[in-house]
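Chemist: Provided below for reference: sequence and predicted model.
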Amino acid sequence: MRGSEANSGGRLPIDALHVDRQSGVPIQRQIYLALRDFILRGVLDQGTRLPATRELAKDLAISRNTAVRVYEQLSSEGYVETRQGSRTYVADLPSSTKANHKLGPEASAADLSPFAMAFDIDERIDFAPGAAALRPSTPDTGVFPFKTWNRLLGGHLLYRNVELLNYNFPYGYPPLQEAISKYVQAYRGVRCEPDQVLVTNGAQSGLDLLARVLLDKGDVVWMEEPGYVNARLVFGAAGADLRAWKVCEAGWDFADLPVGKPRVIYTTPSSQHPLGLTMGAEQRLRLLETASQHEAWVIEDDYDSEYRLAGRSVPAMQGNDAFGRTIYVGTFAKTMFPAIRIGFVVLPPLIAQRVKRAALYSGNQVSLPMQATLKDFIVNGHFARHLHRTRRLYAERRSIFTELVASRLGAWLQPYQSDVGIQIAYRLTRPMNDVAIARRANQQGLNVVPLSRYYSGPPVPGLLMGYAALDEKAMRSCLAILASVIETSEEIH
């Protein structure tokens, strides 16, 4: 059976038909043109059953003969076909027929703003849908306590709290702001009050907002190299002049800082993205002093530092900022599940109200029932228990994963030494094309990322791989496939 048969008799497109009796265009032609347009644009899918002529005539207040003639014309031109007891269905048209159906003058890329054009420089990585595999920054959603989560969420929806169903709390649900404030103070050493917390639609939404409120065209941004691609893209789209701040296995290069007076310094000091390094205390203090001297804002992106292999996580840099210039960005996507789409920004008091006001008008709001559920999840201790369980689990899996990679792929891949995060960066020990390797690996569902993607200048080839969502059996399977891909790539090279 065709997939669209399941939707046969669907009412929505047909209910949109309208007859203009004041128009000079005959009613029969109006209906014919509307149905043909629905078919060509794919609004009516192949195999969709159209209403019977009597039903169409009744709905549109037209004669049945008019409806019959419309279907006959569509049938004679091949747009519909009659089968199964005189029922009328949308025909299977070649894709080129639909592609050539133009709705108006052909659009040009020149019609878009520089903001839209700025994202053309990124070559997206194609991931296999529905599979975590080796995808970086991906937690194991199978161990998340969804039964508890659904019970909490269901309670808010069942009792229909009016304040959670209307246009309220554009900066974040106040009890959640308070819960986040207490969490980051206890777990991350962040200093803040609840009204400094802005709840965002994921951390990326927070970075986009900060790029727009902090940067004018031509402003200098010091950006880690290699560094987080999505941050680089939104800063570039805001018109920033990006200057590379070199990071290698030895750490952040303070001996050769980027030239130019920075407006923003973007950094991931607790778990450098993508290398997984941790910035030492002395370098953190130097960075804060440098930012103060330049009157620059520091964006501290703390995306997954909760997962340290051994010992307590290194406290956030924001807690050591005596100058009040650090903006702390966090997310629950790594500690809970990516689709939760709840992040947050801890704003310095000096700019908190203005940034929050900008967020009000930028469509940054998050579902209030989801925020209330997250508040309950944190306050009732479920989040702390889940974090404790996953820290132990991911530490075990990281140990197994690194041993398996070393034994199976050690001839090609060497890890950057780090002990934090749910992903590991590996450099290629031989001159090979990491983009080609990643593309071939991902065609087989592995979901790896080439390390060169994180460089704006000359890259260090390698692979970035996640391990948290895999048990040992799945790891062995994925790494066996990857070894085969690299072996073949080496032969081609």
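Modeler: Yes, it's here. Please read all numbers here as calculations on a predicted model, not as lab measurements.
Chemist: tell me the contacts of residue 70?
Modeler: 28, 31-32, 35, 56 (CB atoms under 8 Å, 6 or more residues apart in numbering). Where C-beta positions appear, they are placed from N, C-alpha and C, glycine not excepted.
Chemist: Might you list the low-confidence residue ranges for the stretch 51-200 of the chain?
Modeler: For the stretch 51-200 of the chain, the stretches with pLDDT under 70 are 84-85, 95-110.
Chemist: how about the helices in it?
Modeler: Using DSSP state H, counting those that start in this stretch, the helices assigned to the stretch 51-200 of the chain run over residues 53-60, 64-76, 95-99, 114-117, 146-158, 174-188.
Chemist: element containing residue 266, please.
Modeler: strand 262-267 (DSSP states H and E).
Chemist: what does residue 362 give?
Modeler: Here residue 362 is assigned to no helix or strand, by DSSP H and E.
Chemist: now swap in residue 223 and tell me
Modeler: strand 220-225.
Chemist: tell me the angle that strand makes with strand 262-267.
Modeler: Here strand 220-225 runs at 20 degrees with respect to strand 262-267, directions being taken by axes from the mean of the first three to the mean of the last three CA atoms, to 10 degrees.
Chemist: Might you report the residue contacts of residue 215?
Modeler: So residue 215 contacts 221, 235, 238-240, 263-264 (CB under 8 Å, 6+ apart).
Chemist: Need the winner for burial among the helices of the stretch 51-200 of the chain.
Modeler: Counting by mean count of other CB atoms under 10 Å, helix 174-188 has the highest mean neighbour count of the helices of the stretch 51-200 of the chain, with a mean of 19.
Chemist: Can you name the residues in contact with that helix?
Modeler: 171-172, 190-197, 199, 302, 305-306, 313, 315-316, 319, 328, 330, 344, 346, 371-372, 374-375, 378-379, 383.
Chemist: mind running it again at 6 Å?
Modeler: 190, 192, 194, 197, 316, 344, 371, 374-375, 378-379 (CB atoms under 6 Å, 6 or more residues apart in numbering).
Chemist: which residues of the chain fall in strands?
Modeler: Secondary structure of the chain (DSSP state E): strands at 80-83, 87-90, 197-200, 220-225, 241-248, 251-252, 262-267, 297-301, 326-331, 343-346, 413-415, 423-428, 449-450, 462-466.
Chemist: can you put these in CSV and add distance to residue 214 and mean neighbour count?
Modeler: As requested, the strands of the chain are arranged in CSV below (distance: least, CB to CB, whole Å; neighbours: other CB atoms under 10 Å):
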stretch, distance to residue 214, mean neighbour count
strand 80-83, 56, 15
strand 87-90, 51, 20
strand 197-200, 14, 27
strand 220-225, 9, 24
strand 241-248, 14, 18
strand 251-252, 21, 18
strand 262-267, 6, 25
strand 297-301, 6, 24
strand 326-331, 8, 26
strand 343-346, 12, 25
strand 413-415, 35, 19
strand 423-428, 28, 23
strand 449-450, 28, 26
strand 462-466, 28, 27
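Chemist: And these: which comes nearest residue 40?
Modeler: strand 87-90 (10.5 Å; CB to CB).
Chemist: Can you show me the CA trace of the closest one as PDB?
Modeler: Extracted C-alpha coordinates of strand 87-90, given in PDB (Å, rounded to 0.1, in the frame of the first residue of the first chain):
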ATOM      1  CA  ARG A  87     -12.900   6.600  -6.500                       C
ATOM      2  CA  THR A  88     -10.500   9.400  -7.600                       C
ATOM      3  CA  TYR A  89      -6.900   9.400  -6.400                       C
ATOM      4  CA  VAL A  90      -4.000  11.700  -7.000                       C
END
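Chemist: Centre of the chain to it, how far?
Modeler: The chain centre lies 40 Å from the centre of strand 87-90; the measure is CA atoms, centre = their mean, to the nearest Å.
Chemist: elements contacting the strand holding residue 266?
Modeler: If you count contacts as 3 or more CB pairs under 6 Å, 6 or more residues apart in numbering; DSSP states H and E, strand 262-267 packs onto strand 220-225, strand 297-301.
Chemist: now do 10 Å
Modeler: helix 203-214, strand 220-225, helix 229-237, strand 241-248, helix 281-294, strand 297-301, strand 326-331 (3 or more CB pairs under 10 Å, 6 or more residues apart in numbering; DSSP states H and E).
Chemist: Could you give the number of residues near the closest residue in space to residue 445 that isn't next to it in sequence?
Modeler: Spatial nearest neighbour of residue 445, excluding adjacent residues (CB to CB, 6 or more residues apart in numbering): residue 128 at 4.0 Å. Neighbourhood size, residue 128 [other CB atoms under 10 Å]: 14.
Chemist: so what's residue 128 up against?
Modeler: 135, 442-447 (CB atoms under 10 Å, 6 or more residues apart in numbering).
Chemist: Farthest pair within the residues you listed?
Modeler: 135 and 443 (14.3 Å).
Chemist: that older thread, how about the helices of the stretch 51-200 of the chain in a markdown table, adding distance to residue 478?
Modeler: As requested, those are exported to a markdown table (distance: least, CB to CB, whole Å):
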| stretch | distance to residue 478 |
| --- | --- |
| helix 53-60 | 53 |
| helix 64-76 | 50 |
| helix 95-99 | 34 |
| helix 114-117 | 36 |
| helix 146-158 | 25 |
| helix 174-188 | 31 |
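Chemist: these two touch, right, residue 223 and residue 234?
Modeler: No: assessed by CB atoms under 10 Å, residue 223 is found out of contact with residue 234, at 11.1 Å.
Chemist: one step back: with neighbour numbers in mind, choose between residue 135 and residue 443.
Modeler: Shown here are residue 135 and residue 443; by other CB under 10 Å, residue 135 has more neighbours (22 against 11).
Chemist: mind listing what that one touches?
Modeler: Per CB under 10 Å, 6+ apart, neighbours of residue 135: 125, 127-128, 338, 423, 442, 446-449, 464-466, 468-469.
Chemist: Ignoring the adjacent residues along the chain, who's closest to the residue positioned nearest the centre of the chain?
Modeler: Closest to where the C-alpha atoms of the chain average out (CA atoms, centre = their mean) is residue 204, at 7.2 Å. The spatially closest residue to residue 204, leaving aside those adjacent along the chain, is residue 230, at 5.6 Å (CB to CB, 6+ apart).
Chemist: Noted, bye for now.
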